[in-house]
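Novice: Below is the sequence, then the predicted model.
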Amino acid sequence: MQFDLTDEERMIQEMAAKFALRELRPKAAELDRTKDRTILLGNLKKLAELGFMGLNLRAEYGGAETTTVAFSLAMTELGKGCASTTVTTSVTNMVGQVIQSVGNEAQRRQYLPPLCSGAYAAGGFGLTEATAGSDPAGMRTTARLDGDHWRLNGRKIFISSGEFAGVFVVWAVTDKEAPKGRGISVFLVEPGFPGFAVGKNEPKMGQHGSPTNELILEDCRVPKENLLGELNGGFRLALSELAGGRLGIGSMALGIGLGAMDYAKNYAKERVQFGQAIAQFQAIQWMIANRYTELEAARLLLLQAAHLKDQGKSFSKEASMAKLYATEAANRACYDAVQILGGYGYSQEYPVERLARDVRVTTIYEGTSEIQRMIIARELLR
Ligand SMILES: Cc1cc2nc3c(=O)[nH]c(=O)nc-3n(C[C@H](O)[C@H](O)[C@H](O)COP(=O)(O)OP(=O)(O)OC[C@H]3O[C@@H](n4cnc5c(N)ncnc54)[C@H](O)[C@@H]3O)c2cc1C
């Protein structure tokens with residue numbers, strides 16, 4: 001593992017930090033409260049202009065062609081500013097990666113430039129179903145070839161940016177007789193295709209600025225050439241691409257945790273009780289020391305996994321370890337940040353209340369902590 005960042009990685013980290021401070025943080029509370037899409041879409045547009053929507057995509061498709069390490073650093077800095085915007089950015093990057101890694105040249109040329117430029121506000125990842133969450137191979141959505149089109153039927157739930165994504169990668173069963181997980185394929189689906197509809201917007205605990213929708217596919221007509229990758233090869237692809245996505249979620253969680261602890265640390269220096277700043281109390285000092293130590297460990301795990309990916313080495317176990325540890329450490333950090341602020345931590349007048357809600361889902365989506373442990377154990381016991 002190499003610890004030095006390149007000049008480019010440092011530049012991207014700084015750019016993301018500045019953007020989070022100037023553009024995201026001032027509007028994050030309002031976005032959470034009002035769910036005003038114009039705020040989110042404005043943030044996404046500016047991020048696309050700065051190259052953040054295709055950080056690891058090749059320049060010929062409009063991408064920034066930078067490293068996974070830079071992607072991780074960027075998601076952490078953006079995560080300090082606004083989780084709703086950051087998760088949308090992270091998922092959009094993941095969708096671009098799926099298309100770049102298995103798409104043919106025509107598919108890449110059609111779908112990647114608008115994802116990178118912001119012509120598409122976001123990309124959508126359509127895997128989860130009501131009865132298939134941690135076990136996506138149990139999905140029921142089907143795709144049947146009918147002449148020069150596929151007909152997709154089923155419902156996806158919890159799809160980030162369902163309301164406004166310009167393109168979705170959608171998984172469906174193409175061979176019902178195949179052993180579990182072997183008969184699933186992926187399709188490029190545009191919201192304008194006949195038979196595609198967006199369902200309800202999930203009312204959530206946090207990340208209110210980012211819509212999470214149901215997708216309804218009723219005889220949805222998808223051109224034959226929009227099959228992505230190999231027929232019946234989709235499930236393996238989902239697993240491998242999710243490993244990269246997990247680095248995005250873990251990195252964002254780290255940013256949320258750091259944002260909460262940075263606020264709490266400064267607060268502890270100002271807040272006076274019993275005639276002294278609460279930062280003088282050992283109980284508060286230990287919370288600060290423990291949480292920053294864990295967040296630093298999380299950062300190293302994330303960078304190690306990102307570095308392995310950049311080297312073209314196997315990184316799935318390390319990505320799961322990094323996601324597991326970073327999201328749980330970030331949850332503990334937000335929990336303690338609320339504690340350090342006392343009653344003010346519980347008040348919506350202070351940002352840690354929102355951060356504590358926003359961070360909660362990071363141990364759930366893109367694979368729960370339990371699923372990460374299963375992946376890690378499977379690799380260790382192999
Ligand atoms: C805000 C939000 C955004 C999302 N965005 C997307 C998106 O863009 N695209 C998408 O496809 N999905 C998305 N998801 C779905 C998300 O990935 C799933 O919610 C997640 O994978 C868990 O699935 P589930 O909710 O069905 O929980 P379940 O799978 O029902 O799990 C319930 C509990 O059982 C545990 N469990 C399950 N199986 C096992 C096991 N074998 N061993 C031990 N414990 C187990 C889980 O860890 C969990 O604690 C999103 C979810 C949320 C909340």
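Specialist: Noted; the coordinates are in hand. Numbers count the residues shown, from 1 in each chain.

Novice: Quick check: the closest residue to the ligand within the chain vs residue 22, distance?
Specialist: Closest residue of the chain to the ligand, Cβ to the nearest ligand atom: residue 133 (1.7 Å). Quick note: C-beta positions are derived from backbone N, CA and C, even for glycine. Using Cβ to Cβ, to the nearest Å, one obtains 37 Å as the distance from residue 133 to residue 22.

Novice: Give me every residue in the protein lying close to the ligand.
Specialist: 91, 125-128, 133-134, 158-160, 204, 207, 212, 361, 364-368, 370-371 (Cβ under 6 Å from any ligand atom).

Novice: Apply 5 Å and report the result again.
Specialist: 125, 127-128, 133-134, 158-160, 212, 361, 365, 368, 370 (Cβ under 5 Å from any ligand atom).

Novice: Now list the buried members of those.
Specialist: 125, 127, 128, 133, 158, 159, 160, 212, 361, 365 (16 or more other Cβ atoms under 10 Å).

Novice: which SS state does the residue lying closest to the last one once chain neighbours are set aside fall under?
Specialist: What it means is residue 365. Distances taken as Cβ to Cβ, 6 or more residues apart in numbering place residue 249 nearest to residue 365, at 6.7 Å, with adjacent residues excluded. Residue 249 carries the three-state label helix when classified by DSSP: H, G, I helix; E, B strand; the rest coil.

Novice: How many residues are close by residue 249?
Specialist: By other Cβ atoms under 10 Å, 29 other residues sit near residue 249.

Novice: which residues does it contact?
Specialist: Residues in contact with residue 249 (Cβ atoms under 8 Å, 6 or more residues apart in numbering) are 87, 90, 323, 327, 362, 365, 366.

Novice: Quick check: the third one touching residue 250?
Specialist: In other words, residue 323. Yes. Under the criterion of Cβ atoms under 8 Å, residue 323 makes contact with residue 250 at 4.0 Å.

Novice: The two: which has the busier surroundings?
Specialist: residue 250 (36 against 33).

Novice: Including secondary structure, could the buried ones among the residues of the chain next to the ligand go into TSV?
Specialist: Shown next, in TSV, are these (three-state DSSP):
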residue	secondary structure
125	strand
127	coil
128	coil
133	coil
158	strand
159	strand
160	strand
212	strand
361	helix
365	coil
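
Novice: Dump those into TSV; add pLDDT as well.
Specialist: Converted to TSV, these look like this (pLDDT from 0 to 100):
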residue	pLDDT
125	97
127	97
128	97
133	97
158	98
159	98
160	98
212	98
361	98
365	97
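
Novice: Most widely separated two among these?
Specialist: Greatest spatial distance among those (Cβ to Cβ): 127 and 361, at 15.8 Å.

Novice: now the helix or strand harbouring residue 171, how far from the centre of its chain.
Specialist: Applying DSSP states H and E as the criterion places residue 171 in strand 167-173. Between the centre of strand 167-173 and the centre of its chain there are 17 Å (Cα atoms, centre = their mean, to the nearest Å).

Novice: domain parsing for this structure?
Specialist: Following the assignment in automatic domain parsing, the chain carries domains at 7-122, 124-232, 235-381.

Novice: what about the longest one, start to end distance?
Specialist: Between the opening and closing residues of domain 235-381 we find a distance of 22 Å, counting by Cα to Cα, to the nearest Å.

Novice: In space, what's closest to the residue of the chain closest to the ligand - neighbours in sequence excluded?
Specialist: That would be residue 158: by Cβ to Cβ, 6+ apart, it lies 7.9 Å from residue 133.

Novice: Okay, that neighbour and residue 365: tell me how far apart.
Specialist: The value you get for residue 158 to residue 365, if Cβ to Cβ is used, is 7 Å.

Novice: circling back to that earlier point, who touches the residue nearest to residue 133 in this structure?
Specialist: Taking Cβ under 8 Å, 6+ apart, one finds 128, 133, 202, 212, 214, 365 in contact with residue 158.

Novice: Provide a list of residues in contact with the fourth one.
Specialist: Translated: residue 212. 158, 159, 160, 162, 201, 202, 204.

Novice: If we use 6 Å, what do you get?
Specialist: Neighbour list for residue 212: 158, 160, 202 [criterion: Cβ atoms under 6 Å, 6 or more residues apart in numbering].

Novice: Next, the buried residues of the lowest-mean-pLDDT helix or strand in the chain.
Specialist: Lowest mean confidence among the helices and strands of the chain (mean pLDDT, DSSP states H and E): helix 234-270, at a mean of 94. By neighbour count with 16+ other Cβ under 10 Å, helix 234-270 contains the buried residues 234-235, 237-238, 241-261, 263-265, 267-268.

Novice: helix or strand right after that helix?
Specialist: Counting by DSSP H and E, what follows helix 234-270 is strand 272-273.

Novice: Give me the mean pLDDT for that next one.
Specialist: Per-residue pLDDT over strand 272-273 has a mean of 98.

Novice: That strand pairs with which strands, and in what direction?
Specialist: If you go by DSSP bridges, strand 272-273 pairs up with strand 276-277 (antiparallel).

Novice: quick one: pLDDT of the closest residue to residue 59 other than its chain neighbours?
Specialist: Leaving out its chain neighbours, the residue that sits closest to residue 59 by Cβ to Cβ, 6+ apart is residue 65, at 4.6 Å. What the model reports for residue 65 is a pLDDT of 98.

Novice: for residue 65, helix, strand, or coil?
Specialist: Quick answer, by three-state DSSP: residue 65 is coil.

Novice: how far away is it from residue 232?
Specialist: For residue 65, the distance to residue 232 - Cβ to Cβ - is 31 Å.

Novice: same deal with residue 111?
Specialist: For residue 111, the distance to residue 232 - Cβ to Cβ - is 22 Å.
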